[in-house]
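Asks: quick one: sequence plus predicted model below, questions after.
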Amino acid sequence: MLVDAGAGHAELRLPAPGRVSDPSDPTPSALPRAVVGRRREARWSRRYRTLLITADAVLAVLAGAVMLGIRPGEVRPGSPYAWLSIALPLLWPAAVGMSGGYSHKFFGTGSEEFRKVARGGLWLLAGVSVVSYGAQLEIARSFVVFTVPALTVASLCARFLGRKWLQRARRGGRCIKRVVAVGRDAAVADLVRRIQVDRFAGMEVVAACVTTPSAARVESIGVPIDGGLDDVVDVVQRRGADAVAVTSASETAALYLRKLSWQLEGSGIELLVSPGLIEIAGPRLHIRPFVGLPLLSIEEPVFSGWKRVLKGALDRVGAAVALVLIAPVLLAIALAVRLSGPGPVLYRQERVGAYGDHYTMLKFRSMVDGADAKLAELLAHNEGQGLLFKMRSDPRVTPVGRWLRRFSLDELPQLFNVLGGSMSLVGPRPPLPKEVERYDTSIRRRLLVKPGLTGLWQISGRSDLSWEESVRLDLRYVENWTLALDLLILWKTASAVLRSRGAY
């Protein structure tokens, strides 16, 4: 569920008395008849769920056949092993379904869908183990050691392929949830921009209901203003929306949201509330009931302990293994750089690491020797925003350097920085000292973790990102860092490098 804690500056106006049910009557009497009985789930979502269930059942059939092939001696009428193989195509989808793996809320975005499938594998193992122990059945260890883990991995791969198909469909404008945004002009505009950036989330803001008659920021990004807070239900009906996203909150928001939820009750329209907790999500957010009042608990980010020790160990081991594997590539690139013109093979530059410590970052030289001295001559052609200098056709870049930058090969020597402990495989973008001098308090949170060879900025557009977007991604990583997030970023980095989007 989305919620805006920073919206306390503007008071939400309550809908007119004739438009909302009395607080003592929780029935959605004000809801237009045309909205009541509306389909609760989109047709594409039901078809996609059917496809996932079918894929899991087929994979379970194959797993059962392989299981019997491994132990042909167990194939006899009435044997527990044979019955388990026959029942597996039913048990596996049931286990995934019980864990929430077929919920449309997680289709196509986030990692929760994959966690649900993995949890289904644990549930299946637990259920079979309990039944086997209680009924004194002899189930081979191969089922626990091989069959269920292999089936889980196969289902995760099927989900990955399904997600790629769904993302492609959403890029084409299909399988989209239509959203009406509600709240203040600035908050709604920010929500629309984020949704437009993340097309894979499968949402499109089709209209807005704002607190003031004029909403220049929302209109400037192409979203029509269809009314105020009193008109939400009518706008939903008129626009054929699937969800309402409320982005504003104040001392009257609880009453307004309660009445709005009554209006939408029974319609199948999803109600989303944005707390405005910038870049805080996932495992740090928890709902805790307190005397009937739900409270949003926000855990502190963890930057120490065994997880950090494990991250450091994985960084060094990963860097060492990578350096050994790509040693011939490094030698070939070094030779190409050396022959590209006068100057050193490696470019050394001072950067700022964790907690403000300075270190020397290594890169293959991609510019002519003495390029730093020529920067002042090019400042008038700066295409970057904020504190960054970016230029698509930088005359200082050599032909070999342009090729290296396209595939980020110039950054490979940073593996030595990772091996030495000054950098991490995954982290925020390494900043320059002159950038850090102009940081405010919020941006300085980037320095709570080591800078990374790759990160969210690398898989989200690299040089095409604005300064604000780059900072937002770095803060999102710092606030929500987990080992699982690191592995996901490393997985996506290969694809981002091959596409070479935003590399110049």
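Replies: Right, received. Where do you want to start?

Asks: which parts of the protein are strands?
Replies: Listed in chain order, the strands of the chain (DSSP state E) span 177-183, 203-210, 225-227, 243-246, 270-273, 285-290, 293-298, 346-352, 358-364, 424-426, 452-454.

Asks: return the set of buried residues in the second one.
Replies: By neighbour count with 16 or more other Cβ atoms under 10 Å, strand 203-210 contains the buried residues 203, 204, 205, 206, 207, 208, 209, 210. Every residue, glycine included, has its C-beta placed from N, CA and C.

Asks: helices of the stretch 401-504 of the chain, start to end?
Replies: In the stretch 401-504 of the chain, helices defined by DSSP state H, counting those that start in this stretch lie at 414-420, 433-436, 467-479, 483-499, listed in chain order.

Asks: looking at those helices, which is closest to residue 224?
Replies: Comparing the helices of the stretch 401-504 of the chain against residue 224 with Cβ to Cβ, the closest turns out to be helix 467-479 (25.2 Å).

Asks: ok now the closest one, how far from the chain's centre?
Replies: For helix 467-479, the gap between its own C-alpha mean and the chain's C-alpha mean amounts to 13 Å (Cα atoms, centre = their mean, to the nearest Å).

Asks: quick revisit: may I see the strands of the chain organised as TSV, with mean pLDDT added?
Replies: Conversion of the strands of the chain to TSV gives the following (pLDDT from 0 to 100):
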stretch	mean pLDDT
strand 177-183	89
strand 203-210	88
strand 225-227	86
strand 243-246	88
strand 270-273	84
strand 285-290	64
strand 293-298	66
strand 346-352	91
strand 358-364	93
strand 424-426	93
strand 452-454	91
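
Asks: dump those into JSON lines; add distance to residue 167 as well.
Replies: Below are the strands of the chain laid out as JSON lines (distance: least, Cβ to Cβ, whole Å):
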{"stretch": "strand 177-183", "distance to residue 167": "14"}
{"stretch": "strand 203-210", "distance to residue 167": "13"}
{"stretch": "strand 225-227", "distance to residue 167": "29"}
{"stretch": "strand 243-246", "distance to residue 167": "19"}
{"stretch": "strand 270-273", "distance to residue 167": "20"}
{"stretch": "strand 285-290", "distance to residue 167": "25"}
{"stretch": "strand 293-298", "distance to residue 167": "30"}
{"stretch": "strand 346-352", "distance to residue 167": "34"}
{"stretch": "strand 358-364", "distance to residue 167": "32"}
{"stretch": "strand 424-426", "distance to residue 167": "22"}
{"stretch": "strand 452-454", "distance to residue 167": "21"}
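
Asks: residue 94: what's it in contact with?
Replies: Remark: with contacts taken as Cβ atoms under 8 Å, 6 or more residues apart in numbering, residue 94 is in contact with nothing.

Asks: center of this structure - which residue?
Replies: Compute the mean C-alpha point of the chain, and by Cα atoms, centre = their mean the closest residue is residue 110, 4.8 Å away.

Asks: how much space between that residue and residue 485?
Replies: Shown here: residue 110 relative to residue 485, a distance of 11 Å by Cβ to Cβ, to the nearest Å.

Asks: then residue 326?
Replies: Relative to residue 485, and taking Cβ to Cβ, residue 326 is found at 24 Å.

Asks: and what of residue 327?
Replies: Residue 327 is 29 Å from residue 485, by Cβ to Cβ.

Asks: so if I had to pick from the two, which one is more boxed in?
Replies: Neighbours per residue, other Cβ atoms under 10 Å: of residue 327 and residue 485, the larger number sits with residue 485, 17 against 10.

Asks: need the contact list for that one.
Replies: By Cβ under 8 Å, 6+ apart, the neighbours of residue 485 are 426, 477.

Asks: distance of it from residue 103?
Replies: When Cβ to Cβ is the yardstick, residue 485 and residue 103 sit 22 Å from each other.

Asks: what's the burial count for the nearest residue to residue 424 once chain neighbours are set aside?
Replies: Nearest residue to residue 424 in three dimensions, chain neighbours excluded: residue 450, at 4.1 Å (Cβ to Cβ, 6 or more residues apart in numbering). One way to gauge burial is a neighbour count; for residue 450, by other Cβ under 10 Å, it gives 25.

Asks: wait, what's in contact with residue 450?
Replies: Residue 450 makes contact with 353, 354, 422, 423, 424, 427 under the criterion Cβ under 8 Å, 6+ apart.

Asks: Serialize those residues to a markdown table and add fields for distance to residue 158.
Replies: Supplementary listing: the contacts of residue 450 in a markdown table, determined by distance: Cβ to Cβ, whole Å:
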| residue | distance to residue 158 |
| --- | --- |
| 353 | 41 |
| 354 | 39 |
| 422 | 40 |
| 423 | 36 |
| 424 | 32 |
| 427 | 32 |
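
Asks: pull out the buried residues from these.
Replies: Neighbour-count burial within those applies to 353, 354, 422, 423, 424, 427; the criterion is 16+ other Cβ under 10 Å.
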